[in-house]
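[1] What shape does this take:
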Amino acid sequence: MKKRIARILTLASAFILALVLSGSDGVFPSARGEFPVDLTSLEPYYEGAVTIERNGLTDTLGNRYSSGLRGYMAPGDPAKYNIDCFSIWDIGGEYRTLTATGIIRRKDKGSRFEGSYRIYGDGRLLYSRDGIGSMTKPYEIVIDITGVTDLKIEMYGNGNAGTSGINSVLANIMLHR
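    Numbers count the residues shown, from 1 in each chain. As a prediction, this is how the structure comes out:
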């Protein structure tokens, strides 16, 4: 019993020392609301032809993701169909960083087409990627969104009028304070 109490006190002391050395105020992140927010849990105030996926996604390597955004319209389609290939969220300048994983869905494996997307903060281009093909491995994205109020994500797939098209996909898009 004495050994168990000594071990608990040692662990508690180590935890307190770690808090002091890290400059923490002792308040856990969840109490300050600092856990990341899944962008798909927020409703966009403008919703174009970008699909919000909340039922999971699987990439070409078999990795699973809980949520994401998917663009399926080709770059020439907006004018042709009179539709926008983007959605916009009001994030109120509350976040500092956006993280996401760019993926190719398992069902798009082997496609000969390519996708692309652009991410804007208050009208300014923050990140873009073109040439996303079926041989593109999952990749991590980290973007500074400090002070951004309007977050716009524009996405394009290609060749989706047939059976061999590709979708542009951003998975697990998280906003960090």
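
[2] Look at the spatially closest residue to residue 72 that is not a sequence neighbour and say how many residues are nearby.
    On the basis of Cβ to Cβ, 6 or more residues apart in numbering, the spatially nearest residue to residue 72 that is not a chain neighbour turns out to be residue 157, at 4.2 Å. All C-beta atoms are positioned from the backbone trio N, CA, C, and that covers glycine. Number of residues near residue 157 (other Cβ atoms under 10 Å) recorded here: 28.

[3] Would you agree residue 157 is in contact with residue 165?
    Yes. In this structure, residue 157 sits in contact with residue 165. The criterion is Cβ atoms under 8 Å, and the distance is 5.9 Å.

[4] what sits in contact with each of the two?
    With contacts defined as Cβ atoms under 8 Å, 6 or more residues apart in numbering, the residues adjacent to both residue 157 and residue 165 are 72, 113.

[5] List the buried residues of the helix or strand residue 129 falls within.
    Under DSSP states H and E, the secondary-structure element containing residue 129 is strand 124-132. Buried positions in strand 124-132, judged by neighbour count with 16 or more other Cβ atoms under 10 Å: 126-127, 129, 132.

[6] Need these in a markdown table (columns: pLDDT).
    As requested, the buried residues of strand 124-132 are arranged in a markdown table below (pLDDT from 0 to 100):
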| residue | pLDDT |
| --- | --- |
| 126 | 98 |
| 127 | 98 |
| 129 | 97 |
| 132 | 95 |
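
[7] Which of those sits closest to residue 93?
    Of all these, the one with the least separation from residue 93 (Cβ to Cβ) is residue 126, at 14.1 Å.

[8] Contacts only, for the closest one.
    Applying Cβ under 8 Å, 6+ apart to residue 126 gives the contacts 119-120, 143-145, 148.

[9] If you rank those by neighbours, which is first?
    So for those (other Cβ under 10 Å), the most neighbours sit at residue 148, 25 neighbours.

[10] Just the element for that one, please.
    Using DSSP H and E, no element contains residue 148; it sits outside every helix and strand.
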